[in-house]
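A.B. asks: missing the sequence, but the structure's below:
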């Protein structure tokens, strides 16, 4: 099974433009992420996919592999799909460029899903972590699963709704690290955005609306996604 890692990287970000090139203890954020993924030793190939000449230049400068997007894309899945369309690959793992502390064990757990899926019933795998608070926050994407931990739905709302306080319920946050079978990724790419995806602004929902099976993997990894300048300062303290 040929497994590769792709790191979608765009320069523009509404809350922190250019964050992937921000200095994090002597290296740009994107370099920390790239080197962490390579150091995992899990992938036959690791590359950054970007629409930015600046990011392409920086990645090439530190010796990283980079693919320049030809088309404009709204999400990471589309950007990666364009890049891998003609590659001979079985599974693609999507690691966000602003995750410099990506956890090897979590990446390995995602890959194991496909190694154990001998009948090819799973189209995607992704991570989830229990949350005890902040589940009312619409910026925190929640996921509910069936008894086999396969995703039923993702939402910015607090799901499941607790009708009675006597019922024991667990909330799970979706951690946006994905592994895709190539076909599932290309099916997503070749289909326009779906109604529920557009309503929630969550790309994972398109896979569900297309009938794809998403295996959720419990994890303790939450990462330090760098979305705002304050996150960068927190990451500097961790490295120090």
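C.D. replies: Nice, thanks for sending it over. Remember, it's a predicted structure, so these values are computed and weren't measured experimentally.
A.B. asks: Tell me, please, where in this structure the pLDDT is lower than the cut-off.
C.D. replies: For the chain, applying pLDDT under 70 flags the ranges 14-15.
A.B. asks: again, only this time at 80
C.D. replies: Within the chain, the ranges that satisfy pLDDT under 80 run 12-17, 165-166, 222-228, 239-240.
A.B. asks: Strands of this protein, start to end?
C.D. replies: 3-9, 23-24, 27-28, 45-50, 66-68, 91-94, 124-131, 142-145, 151-155, 171-181, 214-218 (DSSP state E).
A.B. asks: how about these in CSV, adding distance to residue 240?
C.D. replies: Any C-beta I mention is one placed from the backbone N, CA and C, and that applies to glycine too. Conversion of the strands of the chain to CSV gives the following (distance: least, C-beta to C-beta, whole Å):
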stretch, distance to residue 240
strand 3-9, 24
strand 23-24, 11
strand 27-28, 14
strand 45-50, 26
strand 66-68, 29
strand 91-94, 29
strand 124-131, 25
strand 142-145, 33
strand 151-155, 35
strand 171-181, 25
strand 214-218, 30
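A.B. asks: Redo these as TSV? Include distance to residue 36 and mean neighbour count.
C.D. replies: Shown next, in TSV, are the strands of the chain (distance: least, C-beta to C-beta, whole Å; neighbours: other C-beta atoms under 10 Å):
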stretch	distance to residue 36	mean neighbour count
strand 3-9	10	24
strand 23-24	12	15
strand 27-28	11	19
strand 45-50	10	23
strand 66-68	16	17
strand 91-94	13	24
strand 124-131	16	21
strand 142-145	24	20
strand 151-155	26	19
strand 171-181	12	23
strand 214-218	19	20
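A.B. asks: now for those, which one comes closest to residue 38?
C.D. replies: Nearest of these to residue 38, taken as C-beta to C-beta: strand 45-50 at 5.1 Å.
A.B. asks: Now do the buried residues in whichever helix in the chain runs longest.
C.D. replies: Longest helix in the chain, counting residues (DSSP state H): helix 104-116. For helix 104-116, a neighbour-count test (16 or more other C-beta atoms under 10 Å) marks 106, 107, 109, 110, 111, 113, 114 as buried.
A.B. asks: swap in stretch 50-66?
C.D. replies: For stretch 50-66, by 16+ other C-beta under 10 Å, it's 50, 51, 52, 55, 56, 58, 59, 64, 66.
A.B. asks: so the fifth one sits right up against residue 68, yeah?
C.D. replies: Yes: with contact defined as C-beta atoms under 8 Å, residue 56 and residue 68 form a contacting pair (5.5 Å).
A.B. asks: what do these two both touch?
C.D. replies: residue 50 (C-beta atoms under 8 Å, 6 or more residues apart in numbering).
A.B. asks: picking that back up, residue 39 is nearest to which of the strands of the chain?
C.D. replies: strand 45-50 (9.7 Å).
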